[in-house]
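A.B. asks: Prediction below, plus the sequence it came from.
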Amino acid sequence: MNSKIKVLMVEDSVSLSAIYMAYLEGTDYDLVTAETLSSAHAALGAFKPDIVLLDIELPDGNGLDFLTATTALENPPKVIVMTAYGTSDMAVDAIRKGAFDFLTKPFDAARLIVTLDNAAAQMTLGKQAQALAKLERDSYCKFIGKSLAMQSVYKTIDSLAPSDATAFIVGESGTGKELAAEAIHQQSPRRGAEFIAINCGAIPGELMESELFGHVKGAFTGASANRDGAACIADGGTLFLDEICEMGLDLQKKLLRFIQTGSFRKVGSNTLEQVDVRFVCATNRNPIVEVSEGRFREDLFYRLHVVPVSMPPLRERENDVLMIANHFLRQFSTASGKSFEGFSEDAAVAIQRYPWPGNIRQLQNTMQQVVVLNDGPLVDVQTLPGSITTGALGISKTRAIESPAPSTIAAKLVALEESHLARREQIEPLWLTEKKAIVAAIAACESNINRAAGLLEIAPSTLYRKLQSWKKAEA
């Protein structure tokens with residue numbers, strides 16, 4: 001044991017107390033004695049024992065009343081009842097009221113120490129279990145889920161948020177990348193300032209610079225007044241650049257300078273402005289591929305890619321899918337005045353087996369559809385959209401035949417999922433399709449790059465850059 005275990009002995013016999021104290025000399029137990037229930041109650045608050053050795057027959061009452069009082073505490077000690085009047089009924093009553101063990105007098109040193117060691121071991125295990133329970137969270141900020149994959153995300157955000165290090169969030173569409181960015185902001189010292197999000201893929205390229213840095217009156221057609229951009233508004237807070245790989249190369253250069261210096265100029269202005277922002281960015285693409293293909297600046301990537309945060313797809317989050325489905329079901333049911341209470345066994349199997357390619361966003365939309373189009377109290381397989389259960393059931397709406405067993409449903413859903421995966425594997429990545437088209441054009445033009453670029457309607461420099469990037473990737 002690394003530290004002394006505190007033991008309170010409630011015993012009215014002074015001679016027995018002396019014997020038990022002698023038993024524990026040289027051990028890792030710190031012993032305090034009390035001769036009455038009143039003094040025991042006082043010691044309980046002042047000494048805060050880990051273990052109590054409790055006599056039953058005491059001058060001012062019954063020890064079992066003290067046992068009941070200890071079990072009501074927030075962190076109750078382990079209580080070992082000891083009495084010379086022990087019977088099997090009394091032992092059962094003591095254990096039923098929360099006693100850890102029962103000692104019948106007289107007992108020797110070995111018996112006492114073994115019992116105390118067992119209680120100490122149980123106490124240690126209990127503390128470890130409490131610590132693990134605190135680490136294993138069912139939810140975090142706006143996230144729902146207790147899978148190992150999400151525990152890793154929570155831990156990463158806990159470590160990352162207090163610093164000003166740039167977070168680079170990657171993950172499929174619908175996995176909660178913006179929720180992760182918001183969590184980083186809310187767990188950081190900047191939580192009192194603004195969290196500003198810009199979707200780099202949703203804003204036209206010609207307007208993106210103005211959205212980011214702002215503009216002055218007359219900077220371009222339609223600029224009828226001065227306007228602050230996201231950089232100004234997020235001063236002191238967090239600037240979240242979603243779908244960062246969609247940003248054009250020209251603006252990437254200006255963004256890099258902004259990140260390096262903290263300064264920028266509004267569109268149409270010569271005035272240099274300085275702000276203090278924390279950067280968080282996200283993408284559903286593979287940033288390494290984007291860099292190698294020349295669509296994302298390498299220097300900007302390494303400036304932003306400080307602490308990566310990988311958001312797991314829903315299919316890799318174990319039983320989280322059912323927790324999240326229940327959350328959305330309750331949310332939409334309340335909003336719509338419906339009475340949904342949960343899922344049938346078959347529906348739960350279907351939801352857990354489906355691969356959810358659209359991740360949480362798809363699950364959210366599905367639950368809203370279920371609530372809007374149906375009534376409760378339970379969601380069954382017939383209530384779920386056909387895209388979730390296609391090929392899994394052969395049931396008519398009239399339920400003329402019995403539902404197949406859940407194991408049959410699961411087998412069919414697994415086959416359906418494998419079919420989906422096989423079809424997805426046949427889809428060729430866009431960059432590979434582009435590469436094949438370029439290689440074919442160059443071959444048709446007998447290696448004349450300029451002619452091939454003209455036929456492809458792209459700049460020769462773009463063609464040379466792509467060829468060079470492929471050579472580096474293959475080297």
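C.D. replies: Arrived safely, thanks for sending.
A.B. asks: How about G229, nearest residue that isn't a chain neighbour?
C.D. replies: If the residues on either side of it in the chain are set aside, G229 comes closest to G214, at 3.3 Å by Cβ to Cβ, 6 or more residues apart in numbering. C-beta: built from backbone N, CA, C; applies to glycine.
A.B. asks: need the contact list for that neighbour.
C.D. replies: Contact analysis of G214 by Cβ atoms under 8 Å, 6 or more residues apart in numbering lists N226, R227, D228, G229, A231, C232, K266, V267.
A.B. asks: now with 10 Å?
C.D. replies: When contacts are counted by Cβ atoms under 10 Å, 6 or more residues apart in numbering, G214 is found next to 226-233, 264-269, 273.
A.B. asks: State the phi and psi torsions of it.
C.D. replies: phi 90, psi 180 (degrees, to the nearest 10).
A.B. asks: Dig out what it forms beta bridges with.
C.D. replies: Per DSSP bridges, the residues bridged to G214 are D228.
A.B. asks: Just confirm N226 contacts T271, I think it does.
C.D. replies: No. With contact taken as Cβ atoms under 10 Å, N226 and T271 are classed as non-touching, separated by 11.0 Å.
A.B. asks: Could you tell me which residues touch both of the two?
C.D. replies: V216.
A.B. asks: Which one of the two is surrounded by more residues?
C.D. replies: Under the criterion of other Cβ atoms under 10 Å, the comparison of N226 against T271 puts N226 first, with 14 against 8.
A.B. asks: what sits against that one?
C.D. replies: G214, H215, V216, K217, G218, A219, K266, G268, S269.
A.B. asks: let's see it at 6 Å
C.D. replies: Listed by Cβ atoms under 6 Å, 6 or more residues apart in numbering, the contact set of N226 reads V216, K217.
A.B. asks: ok, now how distant is it from I203?
C.D. replies: 19 Å (Cβ to Cβ, to the nearest Å).
A.B. asks: can you check A121 too?
C.D. replies: Using Cβ to Cβ, one gets 61 Å for the distance from A121 to I203.
A.B. asks: likewise Y302?
C.D. replies: Per Cβ to Cβ, Y302 is found 25 Å from I203.
A.B. asks: So which of those two has more stuff around it?
C.D. replies: Taking neighbours as other Cβ under 10 Å, Y302 and I203 compare with I203 leading, 17 against 10.
A.B. asks: Which residue comes closest to that one once chain neighbours are left out?
C.D. replies: Distances taken as Cβ to Cβ, 6+ apart place E211 nearest to I203, at 5.4 Å, with adjacent residues excluded.
A.B. asks: so the one you found makes contact with P204?
C.D. replies: No. The criterion here is Cβ atoms under 6 Å, and E211 misses it with P204 at 9.5 Å.
A.B. asks: quick one, which of those two is more surrounded?
C.D. replies: Neighbours around E211 and P204, counted as other Cβ under 10 Å, are more numerous at E211. The numbers are 19 against 7.
A.B. asks: any idea which residue sits dead centre in this protein?
C.D. replies: M150 (3.5 Å; Cα atoms, centre = their mean).
A.B. asks: buried residues in the helix or strand where it lies?
C.D. replies: Here M150 is covered by helix 148-160, with elements defined by DSSP states H and E. In terms of neighbour count (16 or more other Cβ atoms under 10 Å), helix 148-160 has its buried residues at A149, M150, V153, Y154, T156, I157, L160.
A.B. asks: Packing partners of it?
C.D. replies: Contact here means 3 or more Cβ pairs under 6 Å, 6 or more residues apart in numbering; DSSP states H and E; on that basis helix 148-160 packs against no helix or strand.
A.B. asks: immediately after that helix, which helix or strand?
C.D. replies: Later in the chain than helix 148-160, the nearest helix or strand by DSSP H and E is strand 167-170.
A.B. asks: what residues are up against Y23?
C.D. replies: Contact criterion Cβ under 6 Å, 6+ apart gives A109, L112 as the residues in contact with Y23.
A.B. asks: hang on, I meant T83
C.D. replies: With contact set as Cβ under 6 Å, 6+ apart, T83 has these partners: I56.
A.B. asks: what's it sitting at in phi/psi?
C.D. replies: The phi/psi pair for T83 (degrees, to the nearest 10) is phi -160, psi 150.
A.B. asks: Roughly how far does it sit from K97?
C.D. replies: Summarising the geometry, the distance separating T83 from K97, computed by Cβ to Cβ, is 14 Å.
A.B. asks: what does G171 give?
C.D. replies: Here the distance between G171 and K97 works out to 52 Å (Cβ to Cβ).
A.B. asks: same check, this time on P287
C.D. replies: Relative to K97, and taking Cβ to Cβ, P287 is found at 61 Å.
A.B. asks: ok, the two, which is more surrounded?
C.D. replies: Relative neighbour count places P287 above the other of P287 and K97, with 20 against 15, counting by other Cβ under 10 Å.
A.B. asks: Is F213 in contact with G268, as I believe?
C.D. replies: No. Contact between F213 and G268 fails when scored by Cβ under 6 Å: they sit 10.2 Å apart.
A.B. asks: Give me the more crowded residue out of those two.
C.D. replies: It is F213, of F213 and G268, that has more neighbours when counted by other Cβ under 10 Å, with 23 against 15.
A.B. asks: for the more buried one, what are its contacts?
C.D. replies: The neighbours of F213, taking Cβ under 6 Å, 6+ apart as the test, are G229, A231, F264, K266.
A.B. asks: how close does it sit to Q252?
C.D. replies: Distance check for F213 against Q252: by Cβ to Cβ, it reads 13 Å.
A.B. asks: M150 now?
C.D. replies: As for M150, its distance to Q252 is 32 Å (criterion: Cβ to Cβ).
A.B. asks: can you check M367 too?
C.D. replies: Here M367 is placed at a distance of 38 Å from Q252 (Cβ to Cβ).
A.B. asks: Which residue of these two possesses the greater neighbour count?
C.D. replies: Summary of the neighbour comparison: M367 and Q252, criterion other Cβ under 10 Å, with M367 having more neighbours (24 against 18).
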